[in-house]
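[1] could you work out the structure for the sequence below:
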Amino acid sequence: MTTPIQAEVLLPTQELRDDLPFYTRTLGLRLDSIFPADDPSVASFSGHGLRIRIEKGADVPPGKIRILTDDPDGFADGARALVAPNGTQIEIAPLSPTVDQPQTQHEFAVRRLRDEAPWVIGRAGMHYRDLIPSRLGGSIIASHIRIPDGGPVPDMVHYHTVGFQLIFCYRGWVDVLYEDQGDLIRLHAGDCVTQPPGIRHRVVEASANIEVIEIGVPAEHVTTIDHEMTLPNGKGDPMREWDGQRFVHHLKDGAVWQPFRIPGFTARDTGISDGTKGVAGIQVVRTDGHTPPPSKHDADIHFTFVMEGTMTLTAEGQDPRDLQPGDAFVIPPGMVAQYTNCSPDLELLEAALRGDCATTLLD
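    A predicted model of the protein is given here:
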């Protein structure tokens, strides 16, 4: 038999009778115990997933309580901040996180692997390298992620409150589980998936030296652990949408190559622009041996990662940049740029937001 265990937060008071109506009527907590009967000095309350003990003369700070609700106007007469008689601050905040997309701060940026930017150990022991240091004002995060040892990944079922998210397998393989997508999905190098807003998922296992490119919009977004869902959870509706986006699983093998938006290249479209209704477009790009012309685009965000080969990036007002595998760059809308000196094995990963952006070719 398991012994019940509870935890409570201790708060001080100078006069308990002043706090009783605030915590029960204003905050809607339930009074569970109070003593002594003749002159109460201790009371315990519970509710909203919280247990608190208010004790007269307790030598502790008054603290701060955050109450989360999706109906803040219907709670505590619509107040967003209150102070209890015992000095405890009360903050009323949204229960469900929302996506706050910052305005993009456009810039031309190049990030080289050989510059030895630091790898940071993040969630589940994975190593992260930031590919856009400025994050364009918080509008996007692009990460180069690796797991040096491989094997099982200590991940939990979770989801992201995000506008767009891509996982592209760059090297090795990784096993992942996604809500309503059946059994284990193994991503090999060149494969990718989108993680629509709110889809539950979990990383299960990875090969040694696995590397992925992860793109998230906006840069800062909430990750929530789902302790109730177990994956896999079977097959769902293949046309199901999460916040207007479908889950897209693109396979490198069998993909169709077609002319790219810039002559001199071919590309395989991942189908992500269609699956996200134009929110983002993801393409893998190869040179066809011809020199591409200068061009400019009107995408709000345009990010490229060099997967294989070498090239020179020239852009108006900038020194030419020689690029190699592991390098990344951002070109702002309206800036004229040209890809030159492309090696025969050049392969790029391009992300454009929006996915239905237009390109203007220049002579």
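[2] and Gln165, what is it in contact with?
    Gln165 sits next to Thr194, Gln195, Pro196, Pro197, Glu214, Ile215, Gly216, Val217 when contact means CB atoms under 8 Å, 6 or more residues apart in numbering. No exception for glycine: its C-beta is placed from N, CA and C like everyone else's.
[3] residues in contact with the third one?
    With contacts defined as CB under 8 Å, 6+ apart, the neighbours of Pro196 are Gln165, Glu241, Trp242, Asp243, Gln245, Arg246, Phe247, Thr276.
[4] and Asn209, what pLDDT?
    Reading off the confidence values, Asn209 has pLDDT 88.
[5] let me see the contact set for it.
    By CB under 8 Å, 6+ apart, the contact set of Asn209 is Arg146, Ile147, Pro148, Gly150, Arg171, Gly172.
[6] buried subset of these?
    Buried members of these, counted by 16 or more other CB atoms under 10 Å: Arg146, Ile147, Gly172.
[7] out of those, which are inside strands?
    In this view, the buried ones among the contacts of Asn209 that belong to strands under DSSP state E are Arg146, Ile147.
[8] going by distance to Asp300, which of the buried ones among the contacts of Asn209 wins?
    Of all those, Arg146 has the smallest distance to Asp300: 28.7 Å, by CB to CB.
[9] for Gly216, see how far away that closest one is.
    17 Å (CB to CB, to the nearest Å).
[10] in PyMOL, select just the buried ones from the contacts of Pro196.
    Buried subset of the contacts of Pro196, written as a PyMOL selection, criterion 16+ other CB under 10 Å:
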select buried, resi 165+242+245+246+247+276
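[11] which of the residues in stretch 205-218 are buried?
    Those would be Glu205, Ala206, Ser207, Ile210, Glu211, Val212, Ile213, Glu214, Ile215, Gly216, Val217, Pro218, for stretch 205-218 by 16+ other CB under 10 Å.
[12] and for stretch 289-302?
    So stretch 289-302, judged by 16+ other CB under 10 Å, has buried residues Pro292, Pro294, Ser295, Lys296, His297, Ala299, Asp300, Ile301, His302.
[13] touching, the fifth one and Thr360? I think so.
    Yes - with contacts counted by CB atoms under 8 Å, His297 reaches Thr360, the gap being 7.5 Å.
[14] picking that back up, how about the contacts of Gln165 in a markdown table, adding pLDDT and secondary structure?
    Shown next, in a markdown table, are the contacts of Gln165 (pLDDT from 0 to 100; DSSP: H, G, I helix; E, B strand; the rest coil):
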| residue | pLDDT | secondary structure |
| --- | --- | --- |
| Thr194 | 97 | strand |
| Gln195 | 96 | coil |
| Pro196 | 97 | coil |
| Pro197 | 95 | coil |
| Glu214 | 96 | strand |
| Ile215 | 97 | strand |
| Gly216 | 96 | strand |
| Val217 | 97 | strand |
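[15] most distant residue from the middle of this structure?
    Asp38 (54.8 Å; CA atoms, centre = their mean).
[16] that one and Gly150, how far apart?
    Noted for Asp38: a distance of 67 Å to Gly150, by CB to CB.
[17] same deal with Cys357?
    Per CB to CB, Cys357 is found 37 Å from Gly150.
[18] mind listing the helices for the chain?
    Per DSSP state H, the chain carries helices over the ranges 16-21, 272-275.
[19] what's the closest of those helices to Thr2?
    Proximity to Thr2 (CB to CB) singles out helix 16-21 among the helices of the chain, at 33.1 Å.
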